[in-house]
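Student: Here is the input, now give the coordinates:
(2 chains)
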Amino acid sequence: MSCENCKISSPDEARSSIRLRTDALVQRIGRSRECVIPLLQALQAEFSYLPSDALERIYETTDITQAQAISVATFYAQFRMFPYGRHTIRVCCGTACHVKGANTVYDSFRRELNMSDDTITTSDGLYSIEKIACLGCCALAPVVQIDNKIFGHVQAGRVGDVLQEFQDYLAANQSTSSEHPAKEIQGEVRLGMENCCQASGTAEVKIALEEACRELGINIAIKPVSCVGACNQVPLIDVAMPDGSITRYPHIRPDEVKEVLLHHFRPASPFRRWRNALLGRIDSFHSDQTWDNILYQPEEERTRRINNFLEGQLRISTEGYGLMNPLDIDEYVARGGFEALRFSLFPKEKDDFQHQMGDTEREHLSSPSQNFIPKSRSYVIDKVLKSGLRGRGGGGFPTGQKWKMVACEADPLKYVICNGDEGDPGAFMDRILLESYPLRVIEGLLVAAYAVGARRAIFYIRAEYPQAVIRVRKALDLCRQRGYVGDNILGTDFSADVTIFEGAGAFVCGEETALIASIEGRRGFPHLRPPYPSQQGLFGHPTLINNVETLSQVPHIITHDDYAAIGTAGSKGTKVFALAGKVRHGGLIEVPMGTTLRQIVENIGGGMEKGEQLKAVQTGGPSGGCIPAHLCDAAVDFDALTDMGAIMGSGGLVVLSETDCMVDVARYFVNFVSSESCGKCTFCRVGVRRMLDILNRICSGKGTMQDIAQLEELAESIQKAALCGLGKTAPNPVLSTLRHFRHEYEEHVNGICRTGSCKQMVRLTVTDDCIGCTKCARCCPADAIPFEPYKKHTIDTELCTLCGLCIEECDFNAIKYENIRQ
Amino acid sequence: MVCMVKDVTSGQMIPSCSTLPYEGMRIETDSDEVYALRRLSLELLLSDHRADCEGPCSIVCPQGIDVAQAILHYDRDEIAQAKTLLEGTSCEGCKAPCEKACRRRTVDNAVNIRSILDEIRNFSDTSLEEKEASSVEHQTPRDVQSTQHDDNQISKDDKSESPVAPVSSTKRKEQFFSRIGSFSESEKQHMREAYNQPSRCLHCSCEGRAKCKLRSLATEASIKLPKYGVQSSLPFKEQIRVTNNLVFEPAKCIRCGLCVYNTDDGFTFERRGFDMQVIIPEESKKHVDERIADICPTGALFRKIVMLLFVLLIPFSSCRRMPNSSDAESFQEWTSFRGNASLNGFSKRKLPEGPTLLWEHRHNVRSVTSPIVSNGTVYVCDKHGKLIGFNEQGDIVSELQLQADVEASFIISDSVLYVGQIDGLIRSISLSDGSENWRFQTEGQIIASPTLDGRGHILVGSYDNCMYTLDTLHGQLVSSISTGYYINGAAALWHQFALFGGCDAWLRITNTETGEYTDSLRLDAYIPASPAVWGDCAYVADYSGDVYEVGISDGHVSSHRKILSATSDEGNMLSMPAVTDDAVYVLADERYLLCIERASGRIRWKQMLRGDVGESSPLVCSDRILVCTRTGIVSIHDAASGQCLWEYETGEQIISSPAVVSSRFYILTARGTLLCFGRQEEGKAKRRM
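Tutor: Predicted coordinates for the structure are as follows:
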């Protein structure tokens, strides 16, 4: 096996080089058994895979044995044992991407790259392709990532363009762009630079902005800011003038940038002003293109949608959207950042607080059950308790109680873990929060650490979010410089050491006990609770594990008293949702608990895409369920969703329309859980797989009524008997669709899939509306439609791959899915 | 997760194996809900368990021949053992449903089972073969009869769609048989290449089925067909040699992880979810303890002991005399006090020539039970219930305190100890961890060895006058037969029938399957020991010293005669006869070893022993007889002439019977001294070391 990066020909030399490089990594990371995941990650970063020579060296020089390394490396999806091509194409198969045809996109890439059935790398070693659980860019579905570049709204018929664009991008990146010199700042242009914004062209807009500024001689600050959440309106720039006025330009194209800048700012030198005016005039003679410019759209028309989208939202976790630079700590402090930490740490303010409290509350605080929680801390916990905050990770356990349990433990060494292993396909809240508001999450984590008496805090961030890791790492460095993280924070005796642990790609690690196992360097096997992590967690010490979003709500709770007033009786505060699917305006939204699904879809989301009918909303990812349209008027909170057979989950909302097959959706989730099951308990390992077998049968038209009954029985049993949360909730998508859409299952048994989603049950046919325009014949990637102008086209079902490109291409709506068994 | 229970307080279903108990916990263990989940769990495990419990050929054989086992012996060149299995059977006239059921048939062509069986039967040996031929002739009428009867059954089978369906004999009605579905093309390819030995047999039968908990639980839950089909990602019969004796078959693995958690960095999991597998890295194979096979609840990990003995067995494959004991023997094992369930005291093992004492261990606590050899360990039990295990070098490797007095010999089967105690308890104890599987209380003391019938039952007689048949897995009472007085001896097995005597002087015959009494015979005096069975004849001695030959046919006494009458008042017999195909050997008349010809009933020879005879029974090993007297003299005699070939004076009383394993034998004296005798060369080699 030859290594990509080293240019040494002799195998012996290659081996010794690998060994030397491995030794250097071991030196840097450590030799103990719990280092195994970081070590393997470093190996993979170094060699692009795990070379056997490097692993041999690890067994020789560290405490890690072959058995442990195999067990860990094969458990986590991130690791691979064989080299990949130079570039890796990752096709996102999240829920939103799935319903928008990710599988077809995947197949198209394989066809485009001439890959045979069982290979994943092209013969020239240039590209490797893989499916990935979720990239967390659901509003741009279907999404494809090539190396670090993300492409949104990829159409199956346009994958060639995507590859070309990627090659252009590579070529462009080789020329270095120079930083423009800082001069007097005339104003500010703000744009989101999250992973998903970059994917939809904001990166190009930024380059255009920089070039335009250089060319026009305009001195403005181009400021990357936190996410607005309006993923449907990107690329979006805000032009902020010194007088405070802001003009918003959604869907801006790179070629429009120059004119927009000219409209707002005057070039610095008179010569340039004259030259620009002249060139502009000549341009306008040449074409009328400039009149298309976004600049000339009326203000109302331009921003109505985005305003609708933002209306009805309430920002707590995402406070400061579109405004703050995620990594500007001064700005964060100026806007009230670290107030909550200060408020928790300083006794004087606390006295005031205690003074304000009534007698009953004081008694409550000194009750014997929490005798050894110092009073200075118990008030922080009490504040969280009273706020009614419930864990946002999915379970909805009261956060205050969790804190109290950990605080009560006598062990001097405690851990606090921020759970950023957001694995649900169709959810990207945690990623946006970590990328856009890292300082707020850090503050929440510090408050939690202080309240429970922990000195060590860990960010657990999943592997698919490299940008989040980078931002949090930078934010932590900033905090360390300012004394917010480290020893003696703000001059007090409170010290907290915060580190980052990168997850390695296992959905089950979102489960607390599995997460702990993975930090300890083991397979992510959950175990039965008790013992709870709050009693015996990481390395046997009491451990508090909170979700990213939970922690991001904490600073507000500490500094404000109004939190409990927001939301419903059982669920307080706001909830961040990732709105995606067949809705017109997807994106990241934050709404008060109790908002109805219909409000979210109709008002914020702007209704259904392409005027389709709302069929259901899928909440909570693979652990959740599908809420049918007629129940969408119910207020969204933890309890209401559970009653409807779904769960809040981490907050993915995938909107499904009449063109989505509910059986296929159920199968999609069961397939997901089946591939993410850890394999420890029988019910999840084999049971979910058998559910998938049954669903596959039903989706291929081979199911029977007995299968439905068996499926239901199996699902109910797994719900009762599986070991961990993943397994217990795995049947939810099936049970909720069976509950609300049983007739679809029965139709499938009778050979009917109305939506054409179940490919094995349908074929494509051409209706009499066909005029013989040959458009379909030209676009068909499988040559299944003969080129016969002016004749009604035919489709060779043997060759047809059911990719559906012809349906999109046909202007006369003449190609339709037809059930084979009719 | 077949251990699901319900926590009544929380309403949660929990696996009991990994739940921490708490104060005031309330658990529900037997409700429909709990059973339904356990059953589902089993069904799910079985749906991913791609293996045959028994070869389809064995299942469909109308004569009940363990065809698969016979072919396994054949392939290992253990013709002698294969022949034993086929004793008294014939394929003549049979339409060979075995070949129709053969899995190889779906790969290419079925194994030529019939011709292989015939080849085994006709395997020609030395001149002594002739005698055997006559005995076969003797049995012919019955065979013809049974074959005719079977013809009907086969034609019925032919009509049925599934050739693998278990036949409707009562014997197999309840056992679970796993299914494997069909083979993939790659599997077929693999089989064509890998199974190219002369027989081409795939050896579908599971070598670990006796210890398989999955099978026994499925049987208990009366699961017939796997509800969710059998769809495994792993190929059928792919075997990995872990160590020389330890074999791992991934398709049978249920991923319980016991082997992973019980070896430090030995076995490990690979991948996750449904594709998760147990593997063993090359590096770890070196330090795997073979005993891990005992922990595996399925046949996925098993020890291939017979393979190791391959070389030792070759001399025996040309063995001249075939015993028609139905038990397939492994020469390394001596699992009950007479070596087999027929209690006939015959073994085809060879005693070492001019044996020397290899080692001895003095315990100095009275011991009356016989030594038992299992998995390379010799176990003895003293009167106070201390069970001690020795390895082949005589080092103590295990100790277990039963905390009760023990006078009855015990048996060990698949690392499970079954022992009857003076306090009336019969217990099943797992030797791997010392945990008790079950216990059953009888109303009187137990001084006789239990007997395993090989069909999941254990028989034990007690001083409460009852002969109990229990289920070996859970110790549940299957049936009990009440007699008139104490039962002193063990039950001897002949096919599905058990024979036992008691202090009421009746020899009784029962059917172990139905638990019913089929016949009985009153002898002249009470029966202190057990009957010995050979073919359809049983030999039993009563307290007065008379020895009877009792003919048995289909569970009934067909004939009986006295072949030895007591010659003096002192001639009481406490020991059992040893039987071969032509002679019976008894210890009688205080100090004599007698050889009685079975056919004529005349005494062939009579040899005086040194010292008084007692409870220890003689043992025939091929052409030698091993005898221990109460006075403590161990001697070996030539079976043909009775001539004493070797003698050893232990100086201590001997009550128990000897145990013989390949080229070694063990004697336990009543003072608890265990003596190991073996070949001279071995002894010398040891001394040199």
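Student: The residue in the stretch 101-250 of chain B that chain A sits nearest to: what secondary structure?
Tutor: Going by C-beta to the nearest C-beta, chain A is nearest to B:Tyr228 of the stretch 101-250 of chain B, at 4.6 Å. All C-beta spots, glycine's among them, are computed from the backbone N, C-alpha and C. Under the three-state scheme (DSSP: H, G, I helix; E, B strand; the rest coil), B:Tyr228 adopts coil.
Student: need the contact list for it.
Tutor: A:Arg690, A:Asp693, B:Glu43, B:Leu44, B:Ser47 (C-beta atoms under 8 Å, 6 or more residues apart in numbering or on different chains).
Student: which of those sit farthest apart?
Tutor: A:Asp693 and B:Glu43 (13.2 Å; C-beta to C-beta).
Student: Please say which of those two ends up with more neighbours.
Tutor: Legend: neighbour count by other C-beta atoms under 10 Å in any protein chain shown for A:Asp693 and B:Glu43, higher for B:Glu43 (21 against 18).
Student: Would it be right to say that that one lies in a strand?
Tutor: No - under three-state DSSP, B:Glu43 sits outside any strand and is assigned helix.
Student: In this structure it contacts B:Ser222, no?
Tutor: No - in terms of C-beta atoms under 8 Å, B:Glu43 does not count as a neighbour of B:Ser222; the distance is 11.9 Å.
Student: Just list the residues touching A:Thr303, thanks.
Tutor: A:Thr303 touches A:Arg248, A:Pro250, counting by C-beta under 8 Å, 6+ apart.
Student: Look up how far B:Gln496 lies from it.
Tutor: Using C-beta to C-beta, to the nearest Å, we find A:Thr303 at a distance of 90 Å from B:Gln496.
Student: What residues does the residue in the stretch 301-450 of chain B that chain A sits nearest to make contact with?
Tutor: Closest approach between the stretch 301-450 of chain B and chain A, counting by C-beta to the nearest C-beta: B:Leu301, at 16.0 Å. By C-beta under 8 Å, 6+ apart, B:Leu301 lies in contact with B:Gly208, B:Val242, B:Leu246, B:Val247, B:Phe248, B:Glu249, B:Cys259, B:Ile292, B:Ala293, B:Ile295.
Student: run the last query once more with 10 Å
Tutor: By C-beta atoms under 10 Å, 6 or more residues apart in numbering or on different chains, the residues touching B:Leu301 are B:208, B:240, B:242, B:246-249, B:252-253, B:258-259, B:267, B:278, B:280, B:288, B:290, B:292-295.
Student: Run a quick neighbour tally on residue 219.
Tutor: No chain in the question, so chain A it is. 17.
Student: That was the other one, I meant chain B.
Tutor: 18.
Student: I figured it hits B:Leu46, correct?
Tutor: No - B:Thr219 lies out of contact with B:Leu46 (C-beta atoms under 10 Å); the separation is 11.6 Å.
Student: Name the residues contacting each of those two.
Tutor: Joint contacts of B:Thr219 and B:Leu46 (C-beta under 10 Å, 6+ apart) are B:Phe176.
Student: from the contacts of B:Leu301, which are also near chain A?
Tutor: When contact is defined as C-beta under 10 Å from any C-beta of the partner chain, those meet chain A at B:Phe267, B:Ile280.
Student: Among the contacts of B:Leu301, which ones are in strands?
Tutor: B:Ile240, B:Leu246, B:Val247, B:Phe248, B:Val278 (DSSP state E).
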